[in-house]
Every structure is written in structure tokens, then in C-alpha cells.
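Student: What shape does this take:
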Amino acid sequence: MLFYCEFTWFPGTTREEVAKRVVKQHDAGANNPERIKGWYNLAGGGAGFLIVDYHDISELTGFLQPYMDLIAFDVRAISALDYKSEIERLRTVT
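Tutor: Residues are numbered from 1 along each chain as shown. Prediction:
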């Protein structure tokens, strides 16, 4: 299942703190890069979002928890839509 994980750094969090944590988790093999389908930062820094693929919500929680003292997350399950198919489906609704 795909999840949209919007993140915002807590006030006072530094780039160095986030960088150290990301590298620490990576070196520990805990970031599961094969599950990260997209990683985007917003202009200006301090916020962005991840698109990740997890079948077990507890595994997703385990991935995010090591960052929760530095970063707030808003997590939502998402599904991809094919535009043409979705338009046809919506035509049946109207």
C-alpha cells in the first residue's frame, strides 16, 4: 500500500540534526530505500513529503518513529489513478 508522508521539521531543528539522523538510520539499514518511491523537499527547506510502500502499518510506524523527535508527520494512505480510466468512471457517476 502506498502512503503519503508529509513532514515538517519542528522549530529549532537544524539541517545537521536531520542529516545525522538520516545517515545514522541509513547506515543501520533502517531506512528501507527500496520502499521509498519518492522523496521531495519543499522550496525553502524544513518540509516535504515521502511516498512509501508498506503492507504492514507497524513497519511504516517503525520507519518513521526514529525521526519523530525532529520531524512531525502527517501520513495518509493513497492510491494511484489512471486519468483516462478515472474520467470514464466519473462519467458513470454523472
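Student: any idea whether Gly48 is helix, strand or coil?
Tutor: strand (DSSP: H, G, I helix; E, B strand; the rest coil).
Student: Quickly note the distance from the residue nearest to it when sequence neighbours are not counted to Asp82.
Tutor: Spatial nearest neighbour of Gly48, excluding adjacent residues (Cβ to Cβ, 6 or more residues apart in numbering): Asn41 at 3.9 Å. Where C-beta positions appear, they are placed from N, C-alpha and C, glycine not excepted. Distance of Asn41 to Asp82, computed by Cβ to Cβ, to the nearest Å: 28 Å.
Student: Kindly report the same for Gly12.
Tutor: 43 Å.
Student: and if you look at Ala30?
Tutor: Relative to Asp82, and taking Cβ to Cβ, Ala30 is found at 34 Å.
Student: and what of Phe10?
Tutor: Counting by Cβ to Cβ, the gap from Phe10 to Asp82 is 38 Å.
Student: quick one, which of the two is more surrounded?
Tutor: Phe10 (12 against 9; other Cβ atoms under 10 Å).
Student: so who does that one touch?
Tutor: Shown in contact with Phe10 (Cβ atoms under 8 Å, 6 or more residues apart in numbering): Asp69, Leu70, Ile71, Ala72.
Student: Okay, and which of those map to strands?
Tutor: Judged by DSSP state E, strands contain the following of the contacts of Phe10: Ile71, Ala72.
Student: Looking at the contacts of Phe10, which is nearest Leu50?
Tutor: Ile71 (10.6 Å; Cβ to Cβ).
Student: in this protein, which spans are helices?
Tutor: Along the chain, the stretches classed as helices by DSSP state H are 15-27, 57-64, 83-93.
Student: Residues contacting the longest one, please?
Tutor: Outside of helix 15-27, the residues that reach it under the criterion Cβ under 8 Å, 6+ apart are Trp9, Asn31, Pro33, Gly45, Pro66, Tyr67, Leu70, Ile71.
Student: Name the member of the residues you listed with the most neighbours.
Tutor: Ranked by neighbour count (other Cβ under 10 Å), these have Ile71 at the top, with 20 neighbours.
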